[in-house]
Each structure stands twice: as structure tokens, then as C-alpha cells.
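Peer 1: okay, here's the prediction I keep looking at, along with the sequence it came from:
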Amino acid sequence: MTTFTRRLALTAVAAAAFASLPALAAEKVNLGVSIPAATHSFMGGINYWANQAKKDLEKEHKDLKITIKTAANAPEQANQLQDLSTVTKINALVVFPFESAALTKPVAQVKAKGAYVTVVDRGLTDTSAQDAYVAGDNTAFGKIPAEYIVKQLGGKGNVVALRGIATTLDNERMDAFNAVLKNSPDIKLLDAKYANWNRDDAFKVTQDYLTRFKNIDAIWAADDDMAVGVLKAISQAKRDDIKIVFGGAGAKDMVKTIMDGKDKRITADVSYSPKFIYDAIKLTAEARLKGEKLPATTIIPSVLITKENAKDFYHPNSPF
């Protein structure tokens, strides 16, 4: 056998051996999840669904590791993001920002180190800091209550509103609410103050409204937790002029109240399920395991909940 023939034979053997090897696995995904702590029931739902996603997805995908961090405030979340990047060395991140402006730079720093970033719900002030955005329909979240209130009041009445935390999504909701009211000049928005999606803060804000305004026809609480605080303040003040209290997000207790007709002031809500954090984690993890990207924006619809369809939104075993 000539030297040339011998080389060809050896090359063929090596090629056959290489072809018989299993395909190399895709890069393992080390996914960080950064969310606010369970300071109220909606965030309790966010925490529940995030941990459920970790449980389900790690079981299903051996090349996936998920680390969840919860923060009580924006500075703590910023520090946790730094740790996820430098200590845990994540290569993908799903983040639900505590606040928009305060978390934009910390998220951008994680992205700058090579991590794929999906932002959930509370958008950043600079979208170049993210790869994808997943959220409920915040425009509909503000538009639907406004349309309902206008219709129920016959286009005339006094309204007050409670806002959440200063974030892009809160601005979207308030802008949509105001846009509807502009077409109904006889509906007067007396005031709109931040109550931080917190029932205790909502109680205090509502107390202030009830002291300052002698006639209020409707209160847009903009969150079912805040609606609880609103109702408590109304009860303590013994006010009977408020015809409508409209919350938001479809908490199970509020949905049950609508189903049962227990409170004539609470006859509708708008959907905004915390389960979208599960969807965001799943979509991000499975896309990165395939080396793929998500669409730049994924919006989950928000719809009006009334007695007619409330059963479709009632989840008694959910924490929210």
C-alpha cells in the first residue's frame, strides 16, 4: 500500500469515527429570574408562577438551570442583578423591574455582559437594554375600566383614580384611561394619586379623597389589592355615594364577588393574570435552548370581566 493510499484509509477511518459521535449539545442555559418580593397578592401570584416555571422547566430540560431572586425594593433588585451576572454568571435573564427608571441601567449592564434579556410587565426607559418584552395589554387595562365607568354613569359624574408605582406601564394605563374620559366632558376626573399597588396606601389615598370630595360617583382603583383598601376607607367613612369601585387584574376574591353579586359597587373587572411570568420564563428558556430569539414584543390580551364570563377567570386554587 502506498503512502498516499494509507493516508486516505486513515482519513476515512477518522471520518467514520467522528460521524458516529453523538451531536454536541446546545449551550446550557443559565437563566436568572429577577422579580419583586410578594409584598401584595398580585406579586404573590408572580412569585408562585415563577417558582412553578422553575419546577416544571428544569424537570423538562436537563440543560437548563433557573435561579430566582426576589427584591423588596429597586436598590436591592439592582444589587441582585449584579450578583446574577458576576457570581451566578447567567447567560439569560427574565426581569420584572421593581421600577422602570431605576432598573434600566442595571439591566443594561447585564445585557452588556452577553446575557439575553427578557423584560416583563414594567418596561424599561431605554428599550435597547432588552432583547424582548412580555406584558399584559396595559392600554386595554386603562381603556376598559374607563369605558365601563362612562357607560354605567350615563356619561356624567365625578371620578377619582388610584395609580400604581411610577412605571411605563402605569403611564400607559393612565393615558388610556384619560383618553376615554376626554370624549366624555361631563365625566370629571377629580384626582389621580399614586397608591403603589398596595391596599394600605390605597386606604390612605382614598381617605384623603373622601375628605376632600363630597361627591364621588366612581373610583378606579386600577388594582384589586388597592380596591380592598378603597372599600375599607369607604366603609369607615360611611359614604354611600360611590356607585362603582373598579379594580383590576382579576384577583380570585374580586371575581368571586362579581360571580355572586355580593357588592353592587363591584360588577366588573379587567383581566391581567400574573401567570404571564410563567409564560415569559418558558418562552425565554426554550428559545435560548434552541439558540433562538423571541419576538421583540409579546402582548397578552386584557378583557372585561363581568358576571357573564367571570367563571372563566375564577381560579380558586391560585394565590391571586
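Peer 2: Here it is on my side, so go on. Numbering: from 1, shown residues only.

Peer 1: tell me the confidence at Pro319?
Peer 2: For Pro319, the pLDDT comes out at 79.

Peer 1: low-confidence ranges in this structure?
Peer 2: Across the chain, the ranges flagged by pLDDT under 70 are 1-26.

Peer 1: tell me where it has helices.
Peer 2: Using DSSP state H, the helices of the chain run over residues 3-19, 41-60, 74-86, 100-112, 138-152, 168-181, 199-212, 224-237, 252-260, 276-289.

Peer 1: need those in a markdown table with distance to Val29, can you?
Peer 2: All C-beta spots, glycine's among them, are computed from the backbone N, C-alpha and C. Below are the helices of the chain laid out as a markdown table (distance: least, CB to CB, whole Å):
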| stretch | distance to Val29 |
| --- | --- |
| helix 3-19 | 27 |
| helix 41-60 | 10 |
| helix 74-86 | 13 |
| helix 100-112 | 15 |
| helix 138-152 | 29 |
| helix 168-181 | 27 |
| helix 199-212 | 37 |
| helix 224-237 | 34 |
| helix 252-260 | 33 |
| helix 276-289 | 5 |
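
Peer 1: dump these into JSON lines; add mean neighbour count and distance to Leu189 as well.
Peer 2: Formatted as JSON lines, the helices of the chain follow (neighbours: other CB atoms under 10 Å; distance: least, CB to CB, whole Å):
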{"stretch": "helix 3-19", "mean neighbour count": "9", "distance to Leu189": "71"}
{"stretch": "helix 41-60", "mean neighbour count": "19", "distance to Leu189": "24"}
{"stretch": "helix 74-86", "mean neighbour count": "18", "distance to Leu189": "29"}
{"stretch": "helix 100-112", "mean neighbour count": "18", "distance to Leu189": "23"}
{"stretch": "helix 138-152", "mean neighbour count": "21", "distance to Leu189": "9"}
{"stretch": "helix 168-181", "mean neighbour count": "19", "distance to Leu189": "6"}
{"stretch": "helix 199-212", "mean neighbour count": "19", "distance to Leu189": "12"}
{"stretch": "helix 224-237", "mean neighbour count": "22", "distance to Leu189": "16"}
{"stretch": "helix 252-260", "mean neighbour count": "19", "distance to Leu189": "23"}
{"stretch": "helix 276-289", "mean neighbour count": "22", "distance to Leu189": "29"}
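
Peer 1: center of this protein - which residue?
Peer 2: The centroid of the chain falls nearest to Asp121 when counting by CA atoms, centre = their mean (3.8 Å).
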